[in-house]
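Student: Build me a model from this:
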Amino acid sequence: MSRRRPPRRRGRKGLISLLVVGALVAAGAAFYFLWWSPGSDSEPTALKVRYRTDAPATSAVARPWLEVINTSDKPVDLSDVTLRYYYSADDASAYASNCVQTALGCSHVTQKTTAADDASPGADHYLQVGFRQATGTLAPGGSTEGIGLQLYRVDHKNLDQKNDHSFDADDSAYTPSKRVTAYLSGALAWGEEPNGATAAPADSSSSSTSKSTSTSTSKSGSAAGPAGPPALPKGVLFDDFNYTGPGDPALAANGWEARSGEGGPGIKDSWSKDGVSFPTGEGEDAAPGQGQGQALQLRAETDGTPKGTRQSEFHSAKGTVFEGTLVARVRLSDKPAGGRDGDHIAESFFTISPDHESKKYSELDYEYLPNGGWGAYGPRLDTTSWHDSATNDRVTKSHITKLGGWHTMVITVHDGKTTYSIDGKELFSNGSDHSPREPMTVNFSTWFIDLPFKGSRSWDMQVDWLYYQAGQDVSGKDAQKAVAGLTADGTHYVNTLPKP
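Tutor: Alright, predicted model coming up:
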C-alpha cells in the first residue's frame, strides 16, 4: 500500500525565498521591457526562413524554395514581410524570376531582381520577394508552407550558383537558412546580410553585444517603407511572360500551353513548341519601357517544304475569357527575321471556343497579313467575329494598313457589342448576333498560309504582356496604366478570375 505524500508546507524560510525569486523576476521583466520595447533596435526575431533547393549548382535555372514561419506570439501580416535571396550575376547578365507553386497563390507573390547597394562576393544582386495586401496573416507558429521560385538569366544561359551567398547544394530538404534574410516592416527580423549584419535573436540577453540592424538603416537597403502593394483587383488575368522557355513548369501552373503536333491552319501538322521562346526585350525588339524585361516570341520558319516548316502557337489551356476587355501589347512584323521576303504569313491574336465542335462556338480574331494571302494583297489586318465556323457564319472587316512594330490591341465584349481597337482607335464593331456564347481560350500564333517559294526564312511575332478585365469595358490606355502598376510592384502574373 503506497503512502500518501504529505502536503508541502511553506514556512518562513520558504516565504523569504519566494519573495526573493519574485523580486528577481520583476527586475528581469523590467530589464526586458527596457531592452525590448516596441520599435527597439534589438527587437527579438519574429520570423524564421527555411530553405531548400532541387537544382544543381550549375543549371539553367536556380530553384529556391522558401518557407516563412512566424516565431512570435502575435499574428504577422504577410504584406509586412519581405525576403531576400542573394546571388552573384554571372557575366553581368540580367536575371529574372517567376513563381511556380505556393499555397498563397502566385498572383499574391511579388518578385524583383535588384543590384545590391553594397555588393559583396557572391551577393552583388538579390531576389526580393514580397506579398500583396490581403494575402493573409500568419498566426503565431504559422507557416506560409513552401514557396517555389525560379531564378534565371534572361539570356537563358546556364548559371553557376556555387558562389551565390544564399545557395546551399546540401539543403535538399527544408532547413533554417540565415543566408536568406527576412524583414518585417522594413526591419531585419531573420538571417545575416552579406555585410555581416544580423537580426537580434529572441533569446538575446544584452543589446550591447547584438549586431542587429533591425532599424531602417541597414546597409543593404532594408529601409522601412509602407506595407506591401495593394490587394489585387478582382476579375483580372495578367501576364508579362517571365518564363524560361516552352518547358517551364510555371506555364502549366499559370494555365498556358505551347502547341505541338497536328492540325491546321496553314501548313498542316507543322506546329512545334520549339518555336516558342521568351527573349529579353533589349534592342530594336524592345517594347517601349520594357528595358531588360522579357517577351513571348512566336517564330514560324521554313525551307519552302512542308517537312521543313515549323509554326508556333501559344494559348491558354482552358476557356478563360468571355464578356469584358482583352488587351495585348503585340509586335507585328512586316518583314522576315531572316531570309527572303514574300511569304503569305499570318500573325494572329484571337480567342476561340476550347471545343471547336461546340454548339456555342465562338471566335474573335485579329489576323495580320503583311504580304496578303488567299488571293488578296497586303499589308492587311482582318478583324473577324465568328458565330459558326462550319457554316462560315461570321462578320469581318479588312483594313489595308502597314502595322510593323508594337501596338496595343484590344477586344471588348460589352452590352451585346464586340469592338476591335488598336492604339486607341476603333477599327470594327458588331452586334449581339456574333457575340461570344461561351468562355474562350486566348491564343497567339504565327503560321504560313502557303509556301510560295523555296529557301530558308523565318518570321517572328512578339507579345510584351496580356491583360484581361472580366465584365468591364476598359480602354487600352487604362489597361496600360494597370499593367504599369503591377509590373512596378514586381507582379508578373495575376489570375483573380472566378473559378469555373
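Student: contacting residues for Asn254?
Tutor: By CB atoms under 8 Å, 6 or more residues apart in numbering, Asn254 lies in contact with 106, 239, 493, 495. Glycine gets a C-beta too; all of them are placed from N, C-alpha and C.
Student: With respect to Gly141, which of the residues you listed is nearest?
Tutor: Using CB to CB, the shortest approach to Gly141 within the contacts of Asn254 belongs to Cys106, at 24.5 Å.
Student: What's opposite the residue lying closest to that closest one once chain neighbours are set aside in the beta bridge?
Tutor: In space, Cys106 comes closest to Cys99 once its chain neighbours are excluded; the distance is 3.7 Å by CB to CB, 6 or more residues apart in numbering. When assigned by DSSP bridges, Cys99 has beta-bridge partners Leu149.
Student: Could you tell me how many residues sit around Cys99?
Tutor: Residues lying near Cys99 (other CB atoms under 10 Å) number 25.
Student: coming back round to it: looking at the contacts of Asn254, which two lie furthest apart in space?
Tutor: Cys106 and Asp239 (10.9 Å).
Student: Now do the shared contacts for these two.
Tutor: What both Cys106 and Asp239 touch, as defined by CB under 8 Å, 6+ apart, is the set 254, 493.
Student: Do you know the pLDDT at Thr198?
Tutor: Turning to Thr198, the model gives it a pLDDT of 88.
Student: Please report how far the closest residue to Gly247 other than its chain neighbours lies from Leu332.
Tutor: Counting by CB to CB, 6+ apart, Gly247 lies nearest to Lys273, which is 7.9 Å off, once chain neighbours are set aside. Plainly put, Lys273 is 22 Å away from Leu332 if you go by CB to CB, to the nearest Å.
Student: Compare neighbour counts for these two and give me the winner.
Tutor: Leu332 (23 against 19).
Student: how close does the more buried one sit to Tyr368?
Tutor: Leu332 sits 5 Å away from Tyr368, going by CB to CB.
Student: what residues are shared contacts of those two?
Tutor: Shared contacts of Leu332 and Tyr368, defined by CB under 8 Å, 6+ apart, comprise 347, 403.
Student: just checking, Met135 touches Asp80?
Tutor: Careful, residue 135 is Thr and not Met. No - with contacts counted by CB atoms under 8 Å, Thr135 stays clear of Asp80, the gap being 10.3 Å.
Student: Compare these two and say which one has the larger neighbour count.
Tutor: For Thr135 versus Asp80, neighbours defined as other CB under 10 Å are more numerous around Thr135 (24 against 20).
Student: Enumerate every residue touching the residue nearest to Gly247.
Tutor: Contacts of Lys273 (CB under 8 Å, 6+ apart): 246-247, 258-260, 312.
Student: repeat for His434
Tutor: Counting by CB under 8 Å, 6+ apart, His434 touches 385-387, 393-395, 418.
Student: Of those, keep whichever come out buried.
Tutor: In the contacts of His434, burial by neighbour count holds for 385-387, 395, 418, counting by 16 or more other CB atoms under 10 Å.
Student: how many other residues sit next to Phe238?
Tutor: Count around Phe238 with other CB under 10 Å applied: 24.
Student: Output the below-cut-off pLDDT ranges for the stretch 151-300 of the chain.
Tutor: Within the stretch 151-300 of the chain, the stretches with pLDDT under 70 are 200-227, 281-292.
Student: By residue count, what's the longest strand in the protein?
Tutor: Longest strand in the chain, counting residues (DSSP state E): strand 457-470.
Student: Check which element follows it along the chain.
Tutor: Next in sequence after strand 457-470, counting helices and strands by DSSP states H and E, comes helix 476-488.
Student: follow-up on the earlier one: for Ile147, see how far away the residue nearest to Gly247 is.
Tutor: Lys273 is 27 Å from Ile147, where distance means CB to CB.
Student: doesn't Pro379 make contact with Lys402?
Tutor: Yes - between Lys402 and Pro379 there is a contact under CB under 8 Å: 4.6 Å.
Student: Domain ranges for this protein, per the record?
Tutor: Following automatic domain parsing, one finds the domains of the chain at 47-209, 236-495.
Student: and those domains as CSV, adding distance to Pro229?
Tutor: Below are the domains of the chain laid out as CSV (distance: least, CB to CB, whole Å):
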stretch, distance to Pro229
domain 47-209, 5
domain 236-495, 4
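Student: among those, which is nearest Gly228?
Tutor: Gly228 lies closest, by CB to CB, to one member of the domains of the chain: domain 47-209, at 3.5 Å.
Student: Now for the protein, the helix or strand with the poorest mean pLDDT.
Tutor: Lowest on mean pLDDT, DSSP states H and E among the helices and strands of the chain sits helix 12-35, with a mean of 36.
Student: where are the low-confidence patches of the stretch 1-150 of the chain?
Tutor: The stretch 1-150 of the chain contains residues with pLDDT under 70 at 1-45.
Student: try 90
Tutor: Where the stretch 1-150 of the chain drops to pLDDT under 90, the residues are 1-45, 92, 118, 134.
Student: So the closest residue to Thr408 other than its chain neighbours versus Tyr87, what's the distance?
Tutor: Nearest non-adjacent residue to Thr408, counting by CB to CB, 6+ apart: Gly476, 4.3 Å away. Remark: distance between Gly476 and Tyr87 (CB to CB) = 37 Å.
Student: The two: which is more packed in?
Tutor: Per other CB under 10 Å, whichever of Gly476 and Tyr87 has more neighbours is Tyr87, with 25 against 22.
Student: what are the phi and psi values for the closest residue to the more buried one other than its chain neighbours?
Tutor: In space, and not counting its chain neighbours, Tyr87 is closest to Asp164: 4.1 Å by CB to CB, 6+ apart. When read as degrees, to the nearest 10, the backbone of Asp164 gives phi -70, psi 130.
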